[in-house]
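Student: Structure, please.
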Amino acid sequence: MQETQIRLASLAKTATIDEEIVVGKDVLELVAGAMYADPLTVYREYIQNAADAIDEARAGGTQLSCSDPHVLISLDHSERTVRIRDIGAGVRNADFVRRLTAVGASGKRGTTQRGFRGVGRLSGLGYCQELVFRSRSKGDSKIKELCWDGRGLREHLRDPKFTGSLADLIRTIAKVTTLTDDGTFPAHFFEVEMRKVVRIKNDLLMNEGEIRAYLAQVAPVPFDPKFKFGDEIRKHLREVGLSEPINIELNDDQGVIYHRATNQVQTGKNATVSFTGVQFHRLVNSGGDLLACGWMLEHGYVGAMPRGSGQGGLRLRTRDVQIGDAHILAPLFVEQRFSSWSVGEFHVLHPKIVPNGRRDEFEHSAAYTELQDELRRLTGELAQTIRSRSDERQRSKRLALAIAYAENWLDIAQRKTLHETIRRAAVEQAITHAKAVEKYCAKMTPSAASLRAAEQIRANIKRLADNFEKRKRDAAKSAGASRRGTTRSALAAVNAILSSTIHSQKAIPMAERVLAAMEGRLKEKA
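Tutor: Here you go, the predicted model:
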């Protein structure tokens, strides 16, 4: 067998492919919407291209206002049109057609820019009848426009008679126009216009609230000025070379879109979780290479962040654009439910950790495996913190309950209308719960109020116990001690009754009847 394989290998001849390589029309369907499950992804694709253009303009010396919008999203509901315009570097007239008709041939690969596959710009084709690009850069007097016929694309994809190549299809459905500046266009810009947007998932693509919420999650936008940790986090991100955020506005009079981070989260009708601090992390591999940096907000870890709050989960971002969703790191947690208890983001910085085509995960690589190992270690520490905080809360609850029980029994012990045996037994019950208070205090760092309560309990127990002992000694000296005095058997019986229930008010009448029976008073009353 081995000899046969060697002989076959020696006869094999390798050659380049001389046949024509065919790239069919259906490739365009894959990049025009089929790649993405969430329709709102088109906004992420266009915003990340806008962010690259704005970074390019900044690098070229263009001064952009910190207060004016860098990207404006305009929705026209009557015409069912969406226009996304940025004031970035724009595309030179001379390069416009070549760049905007290229498929999978982006010049960004290998650079620090966000988009690099050259397919994201066509994602809107799957959701509108016409997709229009317009642009010019500094020095261009004209505006170039390229219109893609989305309806025509779908018709040709369904038509078995159209057998042209991908290039033939693009020439059929895309038309270029040169526009004269009428004074309404900026000196440098790029805009995408989706005409006759389709209705999908309750008209998601035309819903300003949904668009705002989505971009607050994924886009490279600034923190809300009211977010108290925003400046500290932004300073940390500048130190590792991340670009400044961009101002994005919608024509809904609601102002700039801010990052999702907030100071507190509503977790119930009358309950909120407040963030008390921020932790920073730099994750490196065994060779000392920086893989990612990130931040996590500190809080009490009382439970998961509500799904609707948009806060839960450790997120991953590349060049400040979110990759995947809030649960991308959930598989790295020992208990996946803990993923939604955390709040934070990690910015991937290693050049060999690259998002996949859908940008819902990263391509498999040795560097990404190293990052996952570091994140797994971090999530393990976080799980320990969550369990520790949970144990601490349980001890605090038990401490508060023990204090309440002790105080309740001391209150009963001070009621002079009760039989002295019941009052003595109440003191002994208070002593039992006071010991529990001491035990819980030794296992945790109790609050000042709990410490004061524990000290008061000890003082009251000592005072009452001393008083009962004094009366006991006085009664022993008196030849005619009261029949309502305390005997050892009566005290044991009452203690058994009082310790059998947490409802003291139900136990006291029963104890009274038992004592009356033991003293023969029920018979006398009869």
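Student: Distance of the residue nearest the centre of the chain relative to Ser390?
Tutor: The C-alpha lying nearest the average C-alpha coordinate of the chain belongs to Gly312 (CA atoms, centre = their mean; 2.7 Å). Applying CB to CB, to the nearest Å, the value for Gly312 to Ser390 is 17 Å. C-betas here are computed from N, CA, C, even on glycine.
Student: Roughly how far does Ala89 sit from Val103?
Tutor: As defined by CB to CB, Ala89 lies at a distance of 22 Å from Val103.
Student: Among these two, which residue is more densely surrounded?
Tutor: Ala89 (22 against 18; other CB atoms under 10 Å).
Student: Break the chain down into its domains, please.
Tutor: Domain assignment of the chain by automatic domain parsing yields the ranges 26-206, 264-387, 393-525.
Student: helices or strands next to the helix or strand in which Ile457 is found in the packing?
Tutor: Applying DSSP states H and E as the criterion places Ile457 in helix 448-477. Applying 3 or more CB pairs under 8 Å, 6 or more residues apart in numbering; DSSP states H and E, one finds that helix 448-477 contacts helix 366-413, helix 420-443.
Student: Mean neighbour count, those: which tops it?
Tutor: Looking across the helices and strands packed on helix 448-477 with neighbours counted as mean count of other CB atoms under 10 Å, the highest average goes to helix 420-443: a mean of 20.
Student: one step back: what sits against the residue nearest to the centre of the chain?
Tutor: Ala304, Met305, Pro306, Ala326, Ser339, Ser340, Trp341, Ser342, Val343 (CB atoms under 8 Å, 6 or more residues apart in numbering).
Student: Run through the residues that contact the residue nearest to the third one when sequence neighbours are not counted.
Tutor: Spatially, and ignoring its direct neighbours in sequence, Pro306 is nearest to Thr267 (5.9 Å; CB to CB, 6 or more residues apart in numbering). Taking CB under 8 Å, 6+ apart as the contact definition, Thr267 lies against Val273, Val302, Gly303, Met305, Pro306.
Student: separation between the first one and Gly344?
Tutor: Between Val273 and Gly344 the distance, using CB to CB, works out to 14 Å.
Student: Run the chain-centre distance for stretch 233-249.
Tutor: Relative to the centre of its chain, stretch 233-249 is centred 19 Å away, using CA atoms, centre = their mean, to the nearest Å.
Student: Could I get the buried residue list for that stretch?
Tutor: When burial is assessed from 16 or more other CB atoms under 10 Å, stretch 233-249 yields the following buried residues: Ile233, Arg234, His236, Leu237, Leu242, Ser243, Glu244, Pro245, Ile246, Asn247, Ile248, Glu249.
Student: Closest one of the residues you listed to Glu210?
Tutor: Closest to Glu210 out of these is Ile248 (14.5 Å), distances taken as CB to CB.
Student: can you give me phi and psi for that closest one?
Tutor: Note on Ile248: its backbone torsions stand at phi -120, psi 130 [degrees, to the nearest 10].
Student: so where's the chain shaky on pLDDT?
Tutor: Flagging of the chain using pLDDT under 70 yields the residue ranges 1-12, 21-36, 104-119, 472, 474-486, 521-526.
Student: do that again at 50, thanks
Tutor: Judged against pLDDT under 50, the low-scoring parts of the chain cover residues 479-484, 522, 526.
Student: And the strands in it?
Tutor: Taking DSSP state E, the strands of the chain run over residues 71-76, 81-86, 128-136, 142-149, 174-180, 189-197, 248-250, 264-268, 271-274, 277-284, 290-298, 313-318, 321-323, 343-348.
Student: would TSV of those with distance to Thr487 be doable?
Tutor: Written out in TSV, the entries for the strands of the chain read as follows (distance: least, CB to CB, whole Å):
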stretch	distance to Thr487
strand 71-76	86
strand 81-86	89
strand 128-136	93
strand 142-149	99
strand 174-180	104
strand 189-197	89
strand 248-250	83
strand 264-268	52
strand 271-274	51
strand 277-284	60
strand 290-298	58
strand 313-318	65
strand 321-323	75
strand 343-348	62
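Student: Mind checking these for the one nearest to Ile17?
Tutor: Using CB to CB as the measure, strand 174-180 is the one of the strands of the chain that comes nearest Ile17, at 29.1 Å.
Student: quick revisit: cross the contacts of Thr267 against helices and list the overlap.
Tutor: Using DSSP state H, no member of these falls in helices.
Student: Neighbour count and distance to Leu401 added to those, as CSV?
Tutor: As requested, those are exported to CSV (neighbours: other CB atoms under 10 Å; distance: CB to CB, whole Å):
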residue, neighbour count, distance to Leu401
Val273, 22, 23
Val302, 13, 18
Gly303, 15, 21
Met305, 20, 28
Pro306, 15, 28
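Student: Just give me the closest of those to Pro186.
Tutor: Among those, Met305 lies closest to Pro186 (CB to CB), at 40.1 Å.
Student: Name the nearest residue to the closest one, sequence neighbours excluded.
Tutor: Residue nearest to Met305 in three dimensions, not counting chain neighbours: Gly312, with 3.2 Å by CB to CB, 6+ apart.
Student: Now the nearest residue to Glu208 once chain neighbours are set aside: phi and psi?
Tutor: When the adjacent residues along the chain are set aside, Glu208 lies closest to Asp252, with 4.5 Å between them (CB to CB, 6+ apart). Asp252 adopts backbone torsions of phi -120, psi 10, taken as degrees, to the nearest 10.
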